[in-house]
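Asker: Sequence and computational prediction follow.
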Amino acid sequence: MSHELPYIAAIGEAIQIEMARDESVLYFGQNIATTDDDPFLKEFGSDRVRVTPISETAEIGMAVGAALAGYRPVVELYMAEFMLVAMDQVVNEAPRFRYMSGGKVKVPLVLKAGYGFTAGWAGQHTGSIYSMFVGVPGLKVALPSTAADAKGLMASAIRDDNPVCYFHHYLLTLEHGEVPDGEYLVPFGVASVRRPGKDVTIVATGWTVDRALAAAEALSEDGIDAEVIDPRTLAPLDTDTILESVAKTGHLVLVDQATRHGSASAVIAAEVADSGFASLKAPIKQVTALDATIPYSEPMERYLLPDEDKIVATVRAVLGTAAVSA
């Protein structure tokens, strides 16, 4: 059975279910539990749900310590850029303790952060910086694009014994979708083939998945059959599903809201070039944001970001059908 929920509510449902299931799960951060009417505070009490000072260094440091002590904290960070204030805790501490202790300690914590809030938010709250964390050993990175995956990946993140950066896209916040009832887990490292196809593989992440699906529909009107893959997690990354698709289609277009030289798509391109080069009938192409800070101006913002038309044009170029009318 399933029910319809907004993307953001699906995340909250996962946290609520996991807190009810496991008393070691904590939930804290800025701007949560600020009144006695907060539903999490009312259900689980102030020992497990707390508002924190406006200090990412403090709240993430607290989470690392709590995780080492046997708890499973979920930290509400709101904006991914706020993690930059506490990079020592995120990159140099939390992911390393399990390895450096020879597995004697676990660090099960979730750093929940929104990203990609364009729509006029300008430079410092709009970045898609998830790829910055992909290459950190011991750190997992989840990037849900649907309400169901938002719920399932959050539950898996909470149950994981390693630190997880869980990035949710702000432009997906109120997007509704069918969500399975009750406990629901989406495994890490398993991509979703969102649309099967035989002519070209499109791998898209987060908010760009729907852009890729729309582009695939537009391309189908001219007989181009695009397969759309959503990795769902970037660390671990399901390269096998991507390579199997490329072996079938022979063409690969990567779509990523991050800047070209700071993108997860660059990592995926390298993996396919390394392990699937013989399958390629044309060069790999990337549709990403430009290497620039997101501007306040809406027309400039549109110019900078990937969109359906850019994906369609790139697929046509890869297939050698650029002359076909859109």
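Answerer: Looks like it came in fine. Numbering: from 1, shown residues only.
Asker: Rank the helices and strands of this structure by mean pLDDT and give me the bottom one.
Answerer: Lowest by mean pLDDT, DSSP states H and E among the helices and strands of the chain is helix 298-304, with a mean of 89.
Asker: Now do the helix or strand just after it: everything it contacts.
Answerer: As assigned by DSSP states H and E, the chain's next helix or strand after helix 298-304 is helix 308-319. Residues external to helix 308-319 that are found in contact with it (Cβ atoms under 8 Å, 6 or more residues apart in numbering): 199-200, 202, 211-212, 214-215, 218-219, 224, 226, 251-253, 255, 282-283, 285, 287, 322, 324, 326. C-betas here are computed from N, CA, C, even on glycine.
Asker: Now, these that are in strands?
Answerer: Using DSSP state E to define strands, the subset of those located there is 200, 202, 226, 252, 253, 255, 285, 287.
Asker: on that earlier part again, the least confident helix or strand of the chain: which residues count as buried?
Answerer: Across helix 298-304, burial judged by 16 or more other Cβ atoms under 10 Å covers 301, 304.
Asker: Enumerate every residue touching the most centrally placed residue in the chain.
Answerer: Residue closest to the mean C-alpha point of the chain, counted by Cα atoms, centre = their mean, is residue 143 at 1.3 Å. Under the criterion of Cβ under 8 Å, 6+ apart, the neighbours of residue 143 are 130, 167, 205, 206, 231, 232, 233, 234, 264.
Asker: which of the ones in strands among the contacts of helix 308-319 has the most neighbours?
Answerer: Each of the ones in strands among the contacts of helix 308-319 was scored by neighbours using other Cβ atoms under 10 Å; the highest score is residue 202's, at 32 neighbours.
Asker: Next, count neighbours for residue 204.
Answerer: Other residues near residue 204 number 28, with proximity taken as other Cβ under 10 Å.
Asker: tell me which residues form a beta bridge with it?
Answerer: With DSSP bridges as the criterion, the beta-bridge partners of residue 204 are residue 255.
Asker: Please list all residues in contact with it.
Answerer: 145, 211, 212, 228, 229, 230, 254, 255, 256.
Asker: From those residues, pick the one nearest residue 241.
Answerer: Minimum distance to residue 241 across these is 6.3 Å, recorded for residue 229 (Cβ to Cβ).
Asker: in stretch 74-83, what counts as buried?
Answerer: Of the residues in stretch 74-83, those with enough neighbours to count as buried (16+ other Cβ under 10 Å) are 74, 75, 76, 77, 78, 79, 80, 81, 82, 83.
Asker: biggest separation within the residues you listed, which pair?
Answerer: In terms of Cβ to Cβ, the buried residues of stretch 74-83 reach their longest pairwise distance at 74 and 81, which sit 19.0 Å apart.
Asker: what are the ranges of the strands in the stretch 151-300 of the chain?
Answerer: Taking DSSP state E, counting those that start in this stretch as the criterion, the stretch 151-300 of the chain contains strands spanning 164-169, 176-180, 192-195, 200-204, 226-230, 233-235, 252-259, 285-289.
Asker: In the chain, where is pLDDT below threshold?
Answerer: Judged by pLDDT under 70, the chain has its weakly predicted residues at 120-121, 123, 322-326.
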